[in-house]
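K.L.:
what would the 3D arrangement of this be:
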Amino acid sequence: MDETTLFGDDGTATEAAWRAAVEIALKGRSFESLVRTTDDGIALEPLYAPARGSVPMGRSGAGAWAAIARTDLPAPGASNEIALRDLEAGASGLALVLPGAPTAYGAGVRISTLDDLDRALEGVELSMCPIRLEAGGAGRGLAALAAALVDRRGIDPATTEIHFGLDPLGGTAVAGKLSASWADVAARTGDTAMALHARGFRAPYFLADGRPFHNGGASDAQELASVLGSAVAYLRAYVEGGLSVADALPLIGLAVAADQDQFATIAKLRALRRLWAKLAAECGAPDVRPHVHAETSWRMMTRFDPYTNVLRTTIAAFAAGVGGADSISVLPFTQGLGLPDRFARRLARNTNSMLVEESHVDHVVDPAAGSGGVEARTEALAETAWDLFRAIEAKHGLPGALASGWWQGEIAQKRAQRETAVRKRALAIVGTSEFPLLPDRAVDVLAMPDAPATPAATRSLDLPAEGGGAGFTALIAAAADGASLADIGAGAAGAPVTTVEPLPPIRLAAPFEALRDAAETVEDPIDRTVLIAGLGPLAENSARAAWVKAVFEAGGLMISAAATHDTAEAVAEAASTAGVKAVCLAGSDERYAEMAADTARALKAAGIATVYLAGKPGQNEADFSHAGIDGFVFAGQDLVDTLAAVHARLGIGG
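P.N.:
Numbers count the residues shown, from 1 in each chain. Below you'll find the predicted structure:
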C-alpha cells in the first residue's frame with residue numbers, strides 16, 4: 001500500500017484517509033470487524049482522536065504510591081520476620097491478612113489475642129508505617145486489638161495510618177453469611193466509626209472492596225458498582241450512628257483488583273475516581289478524595305508455569321499505578337501454589353520498587369489523561385457502573401441486593417461468559433491454555449502447618465448497647481484486658497446469622513489445571529501420550545499440527561510427533577512403533593477427504609484405541625466416525641470438555 005494514501009492533500013493525516021486505507025487493507029471485511037466489545041458491552045474502536053480538555057484524576061496525594069507487602073504467614077513470629085524484611089528492603093507499608101479474610105487465598109496470620117498482634121507487628125513503628133488490616137468476619141475484633149495495641153504502645157492515634165479494613169458486605173458475599181441482620185450490623189458499623197473517630201484515628205475505618213466481587217467473577221463495571229454499593233451502605237450507617245457526611249466520607253476507603261488487561265485496569269481506576277467524585281458531589285461533599293488501594297488479581301493467577309504470573313502482576317501493578325492507585329499490593333507469583341517463600345515475596349516487593357524507583361511511573365499525574373481510547377473507555381465504564389449502582393440501590397442497596405441473590409445472579413452471568421471464553425481458548429491463559437510448559441518447572445513454596453482447632457471463647461464479655469461508640473470502646477477495653485478474637489466474636493453475637501448465596505473466589509485457569517493434575521497422576525508417560533500424525537506434505541499439516549499439539553498439552557498430555565505420511569499404512573506403522581494408545585490426525589480438509597477414513601481404519605486395525613482428527617469434520621463426520629475416528633478437535637469448541645473426553649478414553653482420572 002502506498003503510505004501517502006494515509007495523508008490528505010496538505011500532508012496531514014486525516015481520519016477519512018486512514019479509513020480509506022483500512023478499507024483497502026480489510027479486503028472486503030467490514031470496518032466493524034475491527035471493533036471489540038468488553039464484558040460490559042463497551043465497544044472499543046480501533047482508532048480514537050485525542051481527548052481535548054480532559055481533567056486529570058490522579059492519586060489523592062503527591063508522589064509515589066505506597067508499596068504494600070502482604071504479611072500472611074501463619075505464625076505471628078514468622079510473619080513478623082518477613083514484615084521487617086520487606087520494610088527494610090523497600091516496602092512502605094504492610095497488609096496484615098488473617099485466615100478468614102476474603103483475600104487470604106489459603107494463607108493468613110493466626111492472631112487470637114493482643115499479644116499475638118503485638119508479636120506480629122513487633123519492631124514496626126505504627127506512627128510511620130501504613131498498616132492495612134484484612135480479617136473478614138473477625139474484622140471488628142481485629143480492629144479492637146489494633147486500637148488496644150496503639151494504646152499499649154502509647155502512640156497518638158492521629159499519627160498512625162491504620163486502615164482498619166472493615167468490610168462486612170464483602171465478607172458476606174464470599175462466605176455467604178452475616179453475623180446478624182444488616183440492621184444490627186449497620187448499628188455496629190456506626191458505633192465502631194464513632195469510637196474510632198473519637199479516639200482520633202484518621203485513616204479509613206471501613207473498606208468498600210471490589211476484590212471479593214472481582215474474584216467471584218464480576219465484570220469491571222460490576223466490581224465498581226459493588227464498591228459504590230458498599231460505600232453508600234457504610235456511609236448510611238455512619239450518618240445514622242451520628243457522624244456528618246463530611247466527616248464520614250473520608251473514613252471509607254476503596255479497593256479494587258488490578259488485572260493483566262492493562263488498559264482495562266487503567267480505565268477502571270480512573271473510572272472509580274470519577275464515580276466517587278460524582279457520589280461525593282451528590283452527598284454535598286465534593287472535595288473529599290478517597291484512598292484507593294489496588295491488589296493484583298487473584299483470579300488471573302496460575303499454578304502451572306507460575307513464572308508467567310510475574311508478567312501478569314507486573315502489568316497489573318503498572319496499570320494500577322498509571323490509573324492512580326494510592327497503594328498497591330502485588331501477590332507473590334507462587335500464591336496459587338501455597339505459602340510464598342522469601343524469593344517470591346522479594347519479586348513481588350521489587351515489582352513496585354522497579355516501577356517507582358527505576359521506571360519512574362509515579363512521576364506523571366494521570367499519564368493516560370487525554371488519550372482518546374482511555375478517556376472513552378473510562379467514561380463508558382463509569383456510566384455503565386453508575387447505572388448498575390442505581391439498579392443496586394433500587395434493590396434496597398447492596399445489603400438487599402445480596403440478600404435477594406439478585407446481584408450474585410448478575411455476577412454469575414458474567415462469570416459464566418468469561419469461563420466459556422477460557423474453556424474455548426478465546427481468552428487465552430499463557431502457560432496454561434496457551435503455550436503450556438510440559439514438564440513444568442518446579443518452584444519452592446513454604447509448608448503450610450496444620451491448622452489448629454478453632455479457638456473457642458473462654459470468657460463472657462459484658463458489653464453495653466451499641467451506639468455512640470460505647471460498644472466498640474468496650475471491645476477495645478476487653479482486648480486490652482486479654483480478651484481473644486473468639487471472646488469478642490461471642491460477645492458481639494446475638495441475632496441469628498443471616499445467610500446469602502456465596503460468591504467464592506475463582507481462578508480462571510482452574511479447569512485446565514484440573515486436567516493437568518489428573519494427567520500427571522499417570523505413572524507411565526506413554527499412557528498419556530498422543531501421537532500427532534501429519535497427513536500429506538508438511539506445508540499442509542504444520543499449522544493444524546502445532547495448534548492441536550498446544551491443545552493436548554493444555555490437558556497435560558504428552559506429544560509424540562510423527563513424520564508426515566502419504567499413506568494410511570505408514571501412519572499406522574508409526575503409531576505402532578511409538579507404542580501410543582492415541583493418535584490425532586492433522587492435515588488439510590482436502591487431505592482428510594482423501595485419506596482420513598482409511599487411516600483411521602488402519603490405526604484401529606493396528607490396535608490404536610483412540611483416534612482424533614484436528615479440525616471440523618464437515619459433511620464427512622458420519623463417514624469419519626464410522627471409520628473409527630472418535631472425536632474432533634477444533635477452534636471454538638469447549639476444549640475442556642474435549643480434553644476430558646480424551647482423558648476418559650485413555651483411562652486418566654478414573
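K.L.:
now stretch 439-452, how far from the centre of its chain.
P.N.:
Mean C-alpha position of stretch 439-452 versus that of the full chain (Cα atoms, centre = their mean, to the nearest Å) differs by 21 Å.
K.L.:
show me what counts as buried in that stretch.
P.N.:
443, 445-446 (16 or more other Cβ atoms under 10 Å). In short, each C-beta sits where N, CA and C put it, glycine included.
K.L.:
among these, which are in strands?
P.N.:
The strands, defined by DSSP state E, take in 445-446 from the buried residues of stretch 439-452.
K.L.:
quick check: mean pLDDT of stretch 482-499?
P.N.:
Predicted confidence along stretch 482-499 averages 80 (mean pLDDT).
K.L.:
what's the end-to-end length of it?
P.N.:
31 Å (Cα to Cα, to the nearest Å).
K.L.:
what's in contact with it?
P.N.:
Here stretch 482-499 makes contact (Cβ atoms under 8 Å, 6 or more residues apart in numbering) with 111-114, 137-138, 140-142, 144-145, 172, 176-182, 184, 188, 403, 454-461, 463, 475, 478-479.
K.L.:
rerun that using 6 Å as the cut-off
P.N.:
112-113, 138, 141, 177-178, 180-181, 184, 455-457, 459, 461, 463, 475 (Cβ atoms under 6 Å, 6 or more residues apart in numbering).
K.L.:
can you say which of the residues you listed are buried?
P.N.:
Buried among these (16+ other Cβ under 10 Å): 112-113, 138, 141, 178, 180-181, 184, 457, 461, 463, 475.
K.L.:
please identify which of those is nearest to residue 431.
P.N.:
When those are compared for distance to residue 431 (Cβ to Cβ), residue 138 wins out at 35.3 Å.
K.L.:
where does this structure have low pLDDT?
P.N.:
Applying pLDDT under 70 to the chain flags the ranges 1-11, 491-495, 654.
K.L.:
mark which of the buried ones among the contacts of stretch 482-499 are part of helices, please.
P.N.:
141, 184, 475 (DSSP state H).
K.L.:
so the last one touches residue 144, yeah?
P.N.:
Yes - counting by Cβ atoms under 6 Å, residue 144 is a contact partner of residue 475 at 4.0 Å.
K.L.:
that older thread, could you dump the buried residues of stretch 439-452 to CSV with distance to residue 343?
P.N.:
As requested, those are exported to CSV (distance: Cβ to Cβ, whole Å):
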residue, distance to residue 343
443, 9
445, 10
446, 11
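K.L.:
identify, from the buried residues of stretch 439-452, the entry nearest to residue 54.
P.N.:
For those, the minimum distance to residue 54 (Cβ to Cβ) is 43.0 Å, reached by residue 443.
K.L.:
for the residue nearest in space to the middle of the chain, what are its contacts?
P.N.:
The chain has residue 297 as the residue nearest its centroid, 2.8 Å off, counting by Cα atoms, centre = their mean. Applying Cβ under 6 Å, 6+ apart to residue 297 gives the contacts 257, 259.
K.L.:
how about the strands in the stretch 251-400 of the chain?
P.N.:
252-258, 292-296, 327-329, 339-340 (DSSP state E, counting those that start in this stretch).
K.L.:
now those as a markdown table including distance to residue 83?
P.N.:
Output for those, formatted as a markdown table (distance: least, Cβ to Cβ, whole Å):
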| stretch | distance to residue 83 |
| --- | --- |
| strand 252-258 | 20 |
| strand 292-296 | 17 |
| strand 327-329 | 13 |
| strand 339-340 | 14 |
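K.L.:
okay, these in TSV with mean neighbour count and distance to residue 645 next?
P.N.:
Shown next, in TSV, are the strands of the stretch 251-400 of the chain (neighbours: other Cβ atoms under 10 Å; distance: least, Cβ to Cβ, whole Å):
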stretch	mean neighbour count	distance to residue 645
strand 252-258	28	34
strand 292-296	28	35
strand 327-329	27	41
strand 339-340	24	36
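K.L.:
select, out of those, the one closest to residue 419.
P.N.:
Short answer: strand 252-258, nearest of these by Cβ to Cβ, at 16.8 Å.
K.L.:
kindly tell me how buried the residue nearest to residue 573 when sequence neighbours are not counted is, as a neighbour count.
P.N.:
Excluding the flanking residues, the one nearest residue 573 by Cβ to Cβ, 6 or more residues apart in numbering is residue 606, at 7.7 Å. Other residues near residue 606 number 16, with proximity taken as other Cβ atoms under 10 Å.
K.L.:
hang on, residue 606 packs against residue 572?
P.N.:
Yes - if you go by Cβ under 6 Å, residue 606 and residue 572 touch, sitting 4.2 Å apart.
K.L.:
on that earlier part again, for residue 82, find the nearest of the strands of the stretch 251-400 of the chain.
P.N.:
Nearest of those (Cβ to Cβ): strand 339-340, 9.2 Å.
K.L.:
report the contact partners of residue 334.
P.N.:
306, 340, 344, 443, 445.
K.L.:
correction: the previous question concerned residue 259.
P.N.:
265, 297, 300, 316.
K.L.:
using CSV, write out every CA atom in stretch 552-561.
P.N.:
Taking C-alpha atoms only, stretch 552-561 is exported to CSV below (Å, rounded to 0.1, in the frame of the first residue of the first chain):
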residue,chain,number,x,y,z
PHE,A,552,-3.5,-31.6,24.1
GLU,A,553,-0.6,-30.2,26.2
ALA,A,554,-3.0,-27.9,27.9
GLY,A,555,-4.7,-31.0,29.2
GLY,A,556,-1.4,-32.4,30.5
LEU,A,557,-1.0,-34.9,27.6
MET,A,558,2.5,-35.6,26.2
ILE,A,559,3.1,-35.3,22.5
SER,A,560,4.9,-37.6,20.1
ALA,A,561,5.1,-36.2,16.6
